[in-house]
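Colleague: Provide a 3D model corresponding to the input given below.
(4 chains)
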Number of protein chains: 2
Amino acid sequence: MTDTWLPRNPSFHSIGQDEPQAVDGKGVGSGMVTIKDIAKLAGVSYSTVSKALNNDPLIKPATRQKVLEIAEKYQYRKNIMAQQLSSGKSNIIGFVLDELSNPLFSNISKNLHRELKSRGYQMILVIAGDGVDIFSQLRVDGCIFWEYMLDDREAFWKLVSSMPMPCFVLGADENPNSPYIKIDRKEGIFKAVEHLKAHGHERIGFIGNSQNIKIEGYKEALQRTGLEFCQGSVLPAYSSWEDGYFAVRNYTFTSSSPTAFIGLNNLVTRGALRAFIEAGFQVPQDISLIGYDDLPDMQYAEVALTTIGPPLGELAVQAAELIVALIRGEDAKYPVVIQPQLYLRNSVAICKERI
Amino acid sequence: MTDTWLPRNPSFHSIGQDEPQAVDGKGVGSGMVTIKDIAKLAGVSYSTVSKALNNDPLIKPATRQKVLEIAEKYQYRKNIMAQQLSSGKSNIIGFVLDELSNPLFSNISKNLHRELKSRGYQMILVIAGDGVDIFSQLRVDGCIFWEYMLDDREAFWKLVSSMPMPCFVLGADENPNSPYIKIDRKEGIFKAVEHLKAHGHERIGFIGNSQNIKIEGYKEALQRTGLEFCQGSVLPAYSSWEDGYFAVRNYTFTSSSPTAFIGLNNLVTRGALRAFIEAGFQVPQDISLIGYDDLPDMQYAEVALTTIGPPLGELAVQAAELIVALIRGEDAKYPVVIQPQLYLRNSVAICKERI
DNA sequence: AACAAAATTTACAACGTTGTAAATTTAGAA
DNA sequence: TTCTAAATTTACAACGTTGTAAATTTTGTT
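Modeller: Here you go, the predicted model:
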């Protein structure tokens, strides 16, 4: 009936038994080696090749070996597109970031990649603003969102739940209708305040005013520990190193100033630390300081910083496990709540006034 | 012969004419609407749907309209995997970043995304260290590398040229065997030096010591303009705001100090500017300063900074055009060389000593 | 009303995999 | 040697698209 049929790509599959065509390396869909090519070269059927490459125990070791060698030799690369289409699995997870300018994201992204990899998944990124629709179109197996669009929570959660694959949000916000991993920042701040109080500090300040949840946590923590919130004990700092630095520099210290501070994030805290030192304060003898975000940098600051923050390795493990469970349809326990930890180093001491 | 055949996913295609199954939204490969589903609902063949969705002019407008409406209603999302497999095109371009902690990357990434989008492509990211192999396996149509691994150029270029699809590198390095876009940083620095010299500056310093090519450019520029390289006129700064800030703070000014400086990048320059101001220098009356990287931030600094740097919009346009040309097999002209521009603002003035 | 030409729609192989069932080969026991 | 069971390999539909050729419908002439 269709004897006049012409194949769409007649030059395909031209790898011969003895004189295989060089993989030209450019132009997807033309020069790439497929399992059918390998099958021909190995003298087996292509389903055997498929199984061999997937380590199917049905395949005789010697056969697998031969197939693997040929695949290696001709630089075979599995076509994830075809794999997804056939099996419904791409083994790819998408990670949606909101910005690129805090080293925290570098760290989280690296940790997450490692954990996913060890569970058999690969990871690709998009910047939130650039549109996450591509993850739907690509049929990634799952999708992790770093919280963003905090100005319009509703639209954000709607977007998340409209994704056609398992998804969850990593952040501080909660939503009963979607899975999420909540970093309990308020509780983290509370731990920091408690720790400072345990060291005799009664006037505790906060450096940074851009993340409402942390500020709220700070105020609540003061209440819970029975400490007083003093006017002017929140030093304004947005998010960068210099914000922290100048927040402290521009602050006028008096005898009723806080004796300890908590910094909004890694950058702000390090900037503040530097400013304290320059102002002639000894940290922690004169002023105690706890930083948020336990990045490796924090311990290499001028004074090894005591920090609070989610355990970043653990966070990645939890995230990887949650997404994998959601994908597999196992009954994942969520929401997962990550409790920030206190990492004790050398920037907190007994309050001078108590000595 | 295979009358005992059982479909692998018997629940599939269960959308009926009048009672379409709810798109459950979770689990790729099970609940997603396909062109076949739409075809059934619209009462046309699935090739018609395919053509309608791709705006094929063969399709009668009324038919297209109906198909589009149904697609919209059932939240159809094209399956890029299937599209790639069938047509050999994914319309996706991969961008390989080396790190996430400089706002420059945010900017470049956004610009690039916009330009690619306007040319019909989508963009996904990976961090270089996480392995770019996924782009091969995903059969992205093309791949853009931000220069990295500068410690092992050879391995880097080998990796790039081993990619099975059109690729190029964006950066300052060159390689005769691969396409690349070269940002001519040396020439950029030269323009800055020239500009300063034209304003009467004869002792010009450089803040930053981490990017050899820029340091080299600085030294060469001095030679070319007949200026002297003075010992100690390179203030050590790695890459961050505080690096720039302290580079200046730690520098001891003498009567033979430079009267103008060039900053390594956006962060270093802004840190340095702040330090100059604090040290009591008026910029540009006492000291002129030119920053590298023309990010929007630069004009909102304490003094609107004159900068040099690749025109970032243009860079993205060139990059998008090059990769698209490479993909289409058009004879793209490369290497492309981007000449950094001088963006005149208020941080350069006539040298005091000449007045 | 009959026909040709144009417009529109349809059928279906192909893309590169996977997973199932069936076919073939090998090994072991009698 | 023959038979059976186990081990191994093979055949091929299916996944959701695209692109070509063929089929069908519509339109315009006469």
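Colleague: Could you report the neighbour count for the residue in the stretch 201-350 of chain A that DNA strand C sits nearest to?
Modeller: Relative to DNA strand C, the nearest point of the stretch 201-350 of chain A is A:Arg328 (12.9 Å; CB to the nearest atom of the strand). Bear in mind the C-beta positions are built from the backbone N, C-alpha and C, glycine included. Using other CB atoms under 10 Å in any protein chain shown, A:Arg328 is surrounded by 12 other residues.
Colleague: and it, how far is that from DNA strand D?
Modeller: 19 Å (CB to the nearest atom of the strand, to the nearest Å).
Colleague: do A:Asn346 as well
Modeller: Taking CB to the nearest atom of the strand as the measure, A:Asn346 falls 58 Å from DNA strand D.
Colleague: Around the nearest residue to that residue once chain neighbours are set aside, how many other residues sit close by?
Modeller: Excluding its sequence neighbours, the residue lying closest to A:Asn346 (CB to CB, 6 or more residues apart in numbering or on different chains) is A:Ala304, at 4.6 Å. Under the neighbour criterion other CB under 10 Å, A:Ala304 is assigned a count of 14.
Colleague: who touches A:Ala304 in this structure?
Modeller: A:Met298, A:Arg345, A:Asn346, A:Ser347 (CB atoms under 8 Å, 6 or more residues apart in numbering or on different chains).
Colleague: Could you rerun that using 10 Å?
Modeller: Neighbour list for A:Ala304: A:Met298, A:Tyr343, A:Leu344, A:Arg345, A:Asn346, A:Ser347 [criterion: CB atoms under 10 Å, 6 or more residues apart in numbering or on different chains].
Colleague: Is A:Met123 part of a helix or strand, or is it coil?
Modeller: What DSSP: H, G, I helix; E, B strand; the rest coil gives for A:Met123 is strand.
Colleague: Apologies, that question was intended for A:Leu322.
Modeller: A:Leu322 is classified as helix under three-state DSSP.
Colleague: and the gap between it and A:Ala332?
Modeller: The gap separating A:Leu322 from A:Ala332 is 6 Å, by CB to CB, to the nearest Å.
Colleague: Spit out the residues that contact these two alike.
Modeller: A:Pro166, A:Phe168, A:Pro179.
Colleague: check contacts around the nearest residue to the first one once chain neighbours are set aside.
Modeller: In other words, A:Pro166. Excluding the flanking residues, the one nearest A:Pro166 by CB to CB, 6+ apart is A:Leu326, at 3.6 Å. The contact partners of A:Leu326, taken as CB under 10 Å, 6+ apart, are A:Asp141, A:Gly142, A:Cys143, A:Met165, A:Pro166, A:Cys167, A:Phe168, A:Pro179, A:Ala332, A:Tyr334, B:Lys26, B:Gly27.
Colleague: same deal with A:Leu125?
Modeller: Going by CB under 10 Å, 6+ apart, A:Leu125 touches A:94-97, A:100, A:105, A:109, A:112-113, B:95, B:97, B:100, B:109, B:124-127, B:130.
Colleague: Look up which residues are beta-bridged to it.
Modeller: Note on A:Leu125: beta-bridge partners by DSSP bridges are A:Phe95, B:Leu125.
Colleague: Checking the residue nearest to A:Pro166 next. Helix, strand or coil?
Modeller: Reduced to three states by three-state DSSP, A:Leu326 is helix.
Colleague: And the residue of chain A that's closest to DNA strand C?
Modeller: Counting by CB to the nearest atom of the strand, chain A gets nearest DNA strand C through A:Ser86, at 2.8 Å.
Colleague: my read: that residue touches A:Ser50, true?
Modeller: Yes: between A:Ser86 and A:Ser50 there is a contact under CB atoms under 10 Å: 9.4 Å.
Colleague: Between the two, point out the one with more neighbours.
Modeller: More neighbours surround A:Ser50 than the other of A:Ser86 and A:Ser50, with 19 against 14 (other CB under 10 Å).
Colleague: contacting residues for that one?
Modeller: A:Ile35, A:Lys36, A:Ile38, A:Ala39, A:Asp56, A:Ile59, A:Val67, A:Lys78, A:Gln83, A:Ser86.
Colleague: show me where chain A has strands.
Modeller: All strands of chain A, identified by DSSP state E, fall at A:92-97, A:122-127, A:142-146, A:167-171, A:180-183, A:204-207, A:234-235, A:260-263, A:288-292, A:306-309, A:336-338, A:341-343.
Colleague: Same list (those strands) but as TSV, adding mean pLDDT and distance to DNA strand D.
Modeller: Formatted as TSV, the strands of chain A follow (pLDDT from 0 to 100; distance: least, CB to the nearest atom of the strand, whole Å):
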stretch	mean pLDDT	distance to DNA strand D
strand A:92-97	96	16
strand A:122-127	95	20
strand A:142-146	96	18
strand A:167-171	94	20
strand A:180-183	96	28
strand A:204-207	98	51
strand A:234-235	98	52
strand A:260-263	98	49
strand A:288-292	98	44
strand A:306-309	98	42
strand A:336-338	96	31
strand A:341-343	98	44
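Colleague: of all those strands, which lies closest to A:Glu228?
Modeller: Closest approach to A:Glu228 among the strands of chain A is made by strand A:204-207 (9.4 Å; CB to CB).
Colleague: Can you give the domain ranges for chain A?
Modeller: Chain A breaks down into these domains under automatic domain parsing: A:1-78, A:89-184+A:312-340, A:186-309+A:342-354.
Colleague: Could you tell me the least trusted of the ones you listed?
Modeller: The minimum mean pLDDT among these belongs to domain A:1-78 (a mean of 74).
Colleague: where exactly do the helices run in the stretch 151-300 of chain A?
Modeller: A:153-162, A:185-198, A:212-224, A:241-249, A:266-278 (DSSP state H, counting those that start in this stretch).
Colleague: Work out the gap between the last one and the centre of the chain.
Modeller: Going back to what we said before, that points to helix A:266-278. 25 Å (CA atoms, centre = their mean, to the nearest Å).
Colleague: Could you tell me which residues within it count as buried?
Modeller: Neighbour counts over helix A:266-278 (16 or more other CB atoms under 10 Å in any protein chain shown) mark A:Asn266, A:Leu267, A:Val268, A:Thr269, A:Arg270, A:Gly271, A:Ala272, A:Leu273, A:Arg274, A:Ala275, A:Phe276, A:Ile277 as buried.
Colleague: Centre-most residue in chain A?
Modeller: A:Ile108 (3.5 Å; CA atoms, centre = their mean).
Colleague: OK, contacts around it?
Modeller: Contact analysis of A:Ile108 by CB under 10 Å, 6+ apart lists A:95, A:97, A:102, A:144, A:146, A:170, A:295, A:310, A:312, A:315-316, A:319, B:100.
Colleague: Of those, which qualify as buried by neighbour count?
Modeller: The buried subset of the contacts of A:Ile108 - by 16+ other CB under 10 Å - is A:95, A:97, A:102, A:144, A:146, A:170, A:295, A:310, A:312, A:315-316, A:319, B:100.
Colleague: In these, find the pair that's most separated.
Modeller: Using CB to CB, the buried ones among the contacts of A:Ile108 span at most 19.7 Å, a distance reached by A:Ile144 and A:Leu295.
Colleague: and the gap between the residue in the stretch 201-350 of chain A that DNA strand D sits nearest to and B:Ala128?
Modeller: Closest contact between the stretch 201-350 of chain A and DNA strand D, by CB to the nearest atom of the strand, is at A:Ile327 (17.1 Å). Counting by CB to CB, the gap from A:Ile327 to B:Ala128 is 26 Å.
Colleague: List the residues that contact the residue in the stretch 101-250 of chain A that DNA strand D sits nearest to.
Modeller: DNA strand D sits closest to A:Arg139 of the stretch 101-250 of chain A, with a gap of 8.3 Å, by CB to the nearest atom of the strand. Neighbouring residues of A:Arg139 by CB under 10 Å, 6+ apart: A:80-81, A:84-85, A:88-90, A:92, A:164-165, B:28-29, B:32, B:77, B:79-82.
Colleague: For PyMOL, write a command that selects the buried ones of the residues you listed.
Modeller: Only the buried members of those enter the following PyMOL selection, criterion being 16+ other CB under 10 Å:
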select buried, (chain A and resi 80+81+84+85+88+89+90+92+164+165) or (chain B and resi 28+29+32+77+79+80+81+82)
